[in-house]
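> following is a predicted model, sequence given first.
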Amino acid sequence: MNLSRDQLEARLHYPLATQLPERGRSLAVAPGVRWVRMSLPFALDHINLWLLRDEIDGRQGWTVVDCCIARDEARADWETLFEHELGGLPVLRVIVTHMHPDHIGLADWLCRRWQCALWISATDYAMGRLGSQSTTGFGGQLAAEFFAAHGLTDPDSLALIRGRASYYPSLVPSVPDRFQRLLDGMPLTIGGRQWRCISGHGHAPEHMALYCDDLQVLISGDMVLPRISTNVSVHDQEPEADSLALFLDSLEKFLPLPVDTLVLPSHGRPFTGLHERIRQLQDHHRDRLAEVMQACSEKPCSGADVLPVLFPRALDLHQTTFALGEAVAHLHRLWRAGQLRREKDTAGVWRFSAAFAA
């Protein structure tokens, strides 16, 4: 039985109910952990950021987790936070969970503002630097060719994608020249408490969540969200990727955490019910894979052909690019598992069909 999003969400618990931080303010969610919420000019209209009370080399201050995109409104919100929410103490370091613009966009500005270091995985640091300094793989001609190969053939849409070559640097104009590397399983002492890095793949190259056993708090980034499913896509810079397998394998790494872990997601509200939410995400992708398999068993399908199967609603071009990446991720999972085969048609579009006759 397919449950609605509201029914699934009702199985989670929100300790703060509907309470949200006010703009330019923070809200305590655990000892030494404060919640900040900033607006985004997208359909996904906000991001959650976290302030962790800290001490480094005898200096009292704060660690910031994630940054928001580079925009004047976000800088103004940060300045208000500096004035009213830090108790006169400095930012000592900036941790970024992954290289997507809403997470890393203002990292360089923050690090320069406070003369502190960026902490991030090496893979996401490199990809963020690449995206901010060039257009390779982040829009433009290569992205248009990738989408065309998966069935997005509308000339106007492809022209718009070609014109988005500067999209990433417009949101992430710079990334710090230096960084400190986060690794899977690496311990971090923050405010006298031990946190542990948990790597995740499929959504970003090398996403890092943070877990504190003392507090039983997980800063999940985008790996586990309470209401929406994390985007899992194949991109033009790694066109053969099996992103969905990477993501589902990564989810398993969170199952050993306590049942009552307080999850601090990048979007939505803090919640408990981590194991339930992981099951929901696993079920969601299992069902979507079955639907894609059924469609490809009826006729050879491109990524664009299965878009209405996975997303039965109207999508603008921005949403379509994310959705098509996710459609390809589901096709690739079935292809890599040997359930589908693929071949290019005469127009150069990849089409997937059942590997074995029914």
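That came in fine, so what should we check first?
> show me where the stretch 101-250 of the chain has its helices.
Assigned by DSSP state H, counting those that start in this stretch, the helices in the stretch 101-250 of the chain fall at 101-104, 107-114, 122-133, 140-149, 155-162, 167-171, 243-252.
> deepest of those, which one?
helix 101-104 (a mean of 27; mean count of other CB atoms under 10 Å). From N, CA and C alone the C-beta is placed, and that goes for glycine too.
> who's in contact with that helix?
For helix 101-104, the surrounding residues in contact (CB atoms under 8 Å, 6 or more residues apart in numbering) are 40, 47, 66-70, 96-98, 120, 124, 128, 168, 171-172, 175, 221-222, 266.
> inside strands: which ones of those?
Applying DSSP state E to the contacts of helix 101-104, the entries found in strands are 47, 120, 221.
> could you export those residues as CSV, including distance to residue 276 and pLDDT?
Below are the ones in strands among the contacts of helix 101-104 laid out as CSV (distance: CB to CB, whole Å; pLDDT from 0 to 100):
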residue, distance to residue 276, pLDDT
47, 24, 98
120, 30, 99
221, 19, 98
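> so which of those residues wins on neighbours?
Counting neighbours by other CB atoms under 10 Å, residue 221 leads these with 29 neighbours.
> is that one bridged to anything, and to what?
On the basis of DSSP bridges, residue 221 is bridged to residue 265.
> surely it is in contact with residue 98?
Yes - counting by CB atoms under 8 Å, residue 221 touches residue 98, with 6.3 Å between them.
> overlap of the contact sets of the two?
Residues touching both residue 221 and residue 98 (CB under 8 Å, 6+ apart): 207-208.
> can you pull out the helices in the stretch 251-358 of the chain?
Under the criterion DSSP H, counting those that start in this stretch, the stretch 251-358 of the chain contains helices at 274-298, 303-310, 317-336.
> any chance of these in JSON lines, plus mean pLDDT and distance to residue 153?
Formatted as JSON lines, the helices of the stretch 251-358 of the chain follow (pLDDT from 0 to 100; distance: least, CB to CB, whole Å):
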{"stretch": "helix 274-298", "mean pLDDT": "98", "distance to residue 153": "19"}
{"stretch": "helix 303-310", "mean pLDDT": "97", "distance to residue 153": "8"}
{"stretch": "helix 317-336", "mean pLDDT": "95", "distance to residue 153": "12"}
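> tell me which of these sits nearest to residue 257.
helix 274-298 (6.1 Å; CB to CB).
> now do that closest one: which elements does it pack against?
Helix 274-298 sits against helix 243-252, helix 303-310, helix 317-336, strand 350-354, with contacts defined as 3 or more CB pairs under 8 Å, 6 or more residues apart in numbering; DSSP states H and E.
> where does the stretch 1-150 of the chain have low pLDDT?
1, 135-137 (pLDDT under 70).
> excluding sequence neighbours, find me the nearest residue to residue 31.
Leaving aside its sequence neighbours, residue 31 sits nearest to residue 215 (CB to CB, 6 or more residues apart in numbering; 6.6 Å).
> the one you found contacts residue 193, doesn't it?
Yes - between residue 215 and residue 193 there is a contact at 6.6 Å, judged by CB under 8 Å.
> neighbours around residue 2, how many?
Each residue near residue 2 was counted by other CB under 10 Å, and the total is 8.
> show the contacting residues for it.
Counting by CB under 8 Å, 6+ apart, residue 2 has contacts residue 287.
> any idea which element it lies in?
In this assignment (DSSP states H and E), residue 2 forms part of neither any helix nor any strand.
> you'd agree residue 222 is up against residue 98?
Yes - assessed by CB under 8 Å, residue 222 is found in contact with residue 98 at 6.9 Å.
> now list whatever residues contact both of the two.
With CB under 8 Å, 6+ apart as the test, residue 222 and residue 98 both reach 203-204, 207.
> turn those residues into CSV, columns for pLDDT and distance to residue 51.
Below are the shared contacts of residue 222 and residue 98 laid out as CSV (pLDDT from 0 to 100; distance: CB to CB, whole Å):
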residue, pLDDT, distance to residue 51
203, 98, 24
204, 98, 22
207, 98, 20
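> reformat these as a markdown table; add distance to residue 108 and neighbour count.
What follows is the shared contacts of residue 222 and residue 98, written out as a markdown table (distance: CB to CB, whole Å; neighbours: other CB atoms under 10 Å):
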| residue | distance to residue 108 | neighbour count |
| --- | --- | --- |
| 203 | 22 | 21 |
| 204 | 18 | 24 |
| 207 | 20 | 28 |
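> wait, which of the residues you listed is closest to residue 280?
Nearest to residue 280 among these, with distances taken as CB to CB, is residue 203, at 16.2 Å.
> what residues are up against that closest one?
By CB under 8 Å, 6+ apart, the contact set of residue 203 is 98, 222-223, 230-232, 243, 247.
> count the neighbours of the nearest residue to residue 240 once chain neighbours are set aside for me.
Spatial nearest neighbour of residue 240, chain neighbours left out: residue 332 (7.5 Å); criterion: CB to CB, 6+ apart. As a burial measure, residue 332 scores 23 neighbours (other CB under 10 Å).
> any idea how far residue 340 is from residue 332?
9 Å (CB to CB, to the nearest Å).
> contact partners for the closest residue to residue 150 other than its chain neighbours?
Leaving out its chain neighbours, the residue that sits closest to residue 150 by CB to CB, 6+ apart is residue 303, at 3.5 Å. By CB under 8 Å, 6+ apart, the residues touching residue 303 are 150-152, 324, 327-328, 331, 350.
> let's go with 7 Å and repeat that
Counting by CB atoms under 7 Å, 6 or more residues apart in numbering, residue 303 touches 150-151, 324, 327-328, 331.
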